[in-house]
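**Student:** 3D model of this:
(2 chains)
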Protein chains: 2
Amino acid sequence: MAASAGPEIERLISLLAKLPGLGPRSARRAALALLKRREQLLVPLAASLAETADKVVSCSVCGAPDTRDPCAICADGARDNGLICVVEEAGALWAMERSGAFRGKYHVLGGLLSALDGVGPDQLRVAELVGRVRGGEVREVVLALPATVDGQTTAHYIAERISGPGVEVTSLARGVPVGGELDWLDDGTIVQALRARRPT
Amino acid sequence: MAASAGPEIERLISLLAKLPGLGPRSARRAALALLKRREQLLVPLAASLAETADKVVSCSVCGAPDTRDPCAICADGARDNGLICVVEEAGALWAMERSGAFRGKYHVLGGLLSALDGVGPDQLRVAELVGRVRGGEVREVVLALPATVDGQTTAHYIAERISGPGVEVTSLARGVPVGGELDWLDDGTIVQALRARRPT
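**Tutor:** Below is the predicted model of the structure:
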């Protein structure tokens, strides 16, 4: 990288390059866009990041990022306390919320068990989940974890830890996505969709 | 977008989505990565953006972004004042500097002439370039503008404005890039490389 861009801009580019989806080249383009749109983009983004760093905390109940603790969902009395959806990250929680189909509470694990990456149960918020379930109010835990090896390992581990009398553990159905064409789907999804076929 | 992510995070996501290379979905992933890596990424990026907004200005001579005015290149007495390379944006300037092949000064236009987008010479730093060339010290102006319709229109316009006795206007050579395979090159490049063929 040329020293001529100045140490401040070089530093900005190297930080932007650490964001998922941006490499060194696209980070330079992003930095240029920021420099060109100073008032519309650079200044507001700087303020927004500072505010996020300052105000956003992890909810002590579910682990989701929010400015309040407990978060807006955990504090919402209209939502079903007997139903907990377990997700890997807040991104999955946001996706569930966009669907509008779930009216229970959440539990964000903060990752998945991974022998390869050395992630054990202690690095995840598993003990907190067990504590919530042992609290007695929970009827059902929906595991919304990825259909990967790590995701399914984590799902089995959690199911073993929390299953007990009065608590049902379920998983999201696997199948053909709405609008999905068979031609573009992986074989595993087709196999599972066929096995779980239903009368129409 | 779910209101549950909180207005601060929603605002951060919508600002990130305005960066080139990031859409709404990858902006959410970037926001998640920032929230997960608070001390390593979120806080330093907020500080870096604030510093950039605070310190980086456009060089009054060449238009490049730098913390100094005139910028480090314009202030560098070891560089050739008689040679000016004209680029569209600072990104092209940085690429030229990375090559290490150019030891003159630069002029950043800040865009290209575009009838479609309504960009005329007054929106670009053309008058400043004419002024620098009229100053008398300049022997050669190298146009390093894109090989697009707008790029070539701009190149022709600038060549007309600045050409005069004692000033040579040149353009970067077009041809097969180093390491480029013919199979992957567009026809226009092959035509130009063939026309400009040289004895080996």
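**Student:** neighbours of A:Thr183, just the number please.
**Tutor:** Not Thr; residue A:183 is Asp. Using other CB atoms under 10 Å in any protein chain shown, A:Asp183 is surrounded by 5 other residues. (Glycine included, C-beta is placed from N, CA and C.)
**Student:** could you check the distance from it over to chain B?
**Tutor:** 23 Å (CB to the nearest CB, to the nearest Å).
**Student:** try A:Leu124
**Tutor:** 13 Å.
**Student:** where exactly do the strands run in chain A?
**Tutor:** Along chain A, counting by DSSP state E, strands occupy A:57-58, A:65-66, A:80-87, A:104-108, A:140-143, A:168-171.
**Student:** Report pLDDT for A:Ala3.
**Tutor:** For A:Ala3, the pLDDT comes out at 47.
**Student:** typo on my end, it should be A:Thr148
**Tutor:** Predicted confidence (pLDDT) for A:Thr148: 89.
**Student:** repeat for A:Ala50
**Tutor:** A:Ala50 is given a pLDDT of 95.
**Student:** what ranges of chain A fall below the confidence cut-off?
**Tutor:** Applying pLDDT under 70 to chain A picks out residues A:1-4.
**Student:** which stretches of it form helices?
**Tutor:** Assigned by DSSP state H, the helices in chain A fall at A:7-16, A:24-36, A:43-55, A:90-99, A:126-134, A:149-162, A:187-195.
**Student:** wait, which of those helices is closest to A:Leu112?
**Tutor:** helix A:149-162 (4.2 Å; CB to CB).
**Student:** Now the closest one - C-alpha only, PDB.
**Tutor:** Output in PDB follows, covering the C-alpha atoms of helix A:149-162 (Å, rounded to 0.1, in the frame of the first residue of the first chain):
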ATOM      1  CA  VAL A 149     -22.000 -30.600  11.000                       C
ATOM      2  CA  ASP A 150     -21.200 -28.000  13.700                       C
ATOM      3  CA  GLY A 151     -24.800 -26.800  13.800                       C
ATOM      4  CA  GLN A 152     -26.200 -30.400  14.200                       C
ATOM      5  CA  THR A 153     -23.600 -31.400  16.700                       C
ATOM      6  CA  THR A 154     -24.500 -28.300  18.700                       C
ATOM      7  CA  ALA A 155     -28.200 -29.100  18.400                       C
ATOM      8  CA  HIS A 156     -27.800 -32.700  19.600                       C
ATOM      9  CA  TYR A 157     -25.600 -31.500  22.600                       C
ATOM     10  CA  ILE A 158     -28.200 -28.900  23.600                       C
ATOM     11  CA  ALA A 159     -31.100 -31.300  23.200                       C
ATOM     12  CA  GLU A 160     -29.400 -33.700  25.600                       C
ATOM     13  CA  ARG A 161     -28.600 -31.000  28.100                       C
ATOM     14  CA  ILE A 162     -32.100 -29.500  28.300                       C
END
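**Student:** From the contact counts, what lies against it?
**Tutor:** If you count contacts as 3 or more CB pairs under 8 Å, 6 or more residues apart in numbering or on different chains; DSSP states H and E, helix A:149-162 packs onto helix A:126-134, strand A:140-143, strand A:168-171.
**Student:** what residues does the longest one touch?
**Tutor:** Residues from elsewhere that reach helix A:126-134 (CB atoms under 8 Å, 6 or more residues apart in numbering or on different chains): A:61, A:63, A:84, A:86, A:107, A:109, A:121, A:138, A:141, A:157-158, A:161-162, A:164, A:167.
**Student:** Just want the angle from it to strand A:104-108.
**Tutor:** Counting by axes from the mean of the first three to the mean of the last three CA atoms, to 10 degrees, helix A:126-134 lies at 160 degrees to strand A:104-108.
**Student:** Mind listing what's buried along helix A:126-134?
**Tutor:** Across helix A:126-134, burial judged by 16 or more other CB atoms under 10 Å in any protein chain shown covers A:Val126, A:Glu128, A:Leu129, A:Arg132, A:Val133.
**Student:** what residues does stretch A:39-59 touch?
**Tutor:** So stretch A:39-59 is contacted by A:33-35, A:64-71, A:74, B:6, B:8-9, B:11-12, B:15-16, B:18-19, B:34-35, B:38, B:42-43, B:45-46, B:49-50, B:52-53 (CB under 8 Å, 6+ apart).
**Student:** tell me which of the buried residues of helix A:126-134 is nearest to A:Gly151?
**Tutor:** Ranked by distance to A:Gly151 (CB to CB), those are led by A:Val126 at 14.3 Å.
**Student:** Give me the number of neighbouring residues for A:Gly180.
**Tutor:** Using other CB under 10 Å, A:Gly180 has 12 other residues around it.
**Student:** how close does it get to A:Ile190?
**Tutor:** The gap separating A:Gly180 from A:Ile190 is 10 Å, by CB to CB, to the nearest Å.
**Student:** care to break chain A down by domain?
**Tutor:** Using automatic domain parsing, the domain parsing of chain A gives A:3-42, A:65-171.
**Student:** So which of the ones you listed has the densest surroundings on average?
**Tutor:** domain A:3-42 (a mean of 19; mean count of other CB atoms under 10 Å in any protein chain shown).
**Student:** Apart from its neighbours in sequence, what residue is nearest the spatially most central residue of chain A?
**Tutor:** Nearest residue to the geometric centre of chain A (CA atoms, centre = their mean): A:Glu89, 2.1 Å. In space, A:Glu89 comes closest to B:Leu32 once its chain neighbours are excluded; the distance is 6.0 Å by CB to CB, 6 or more residues apart in numbering or on different chains.
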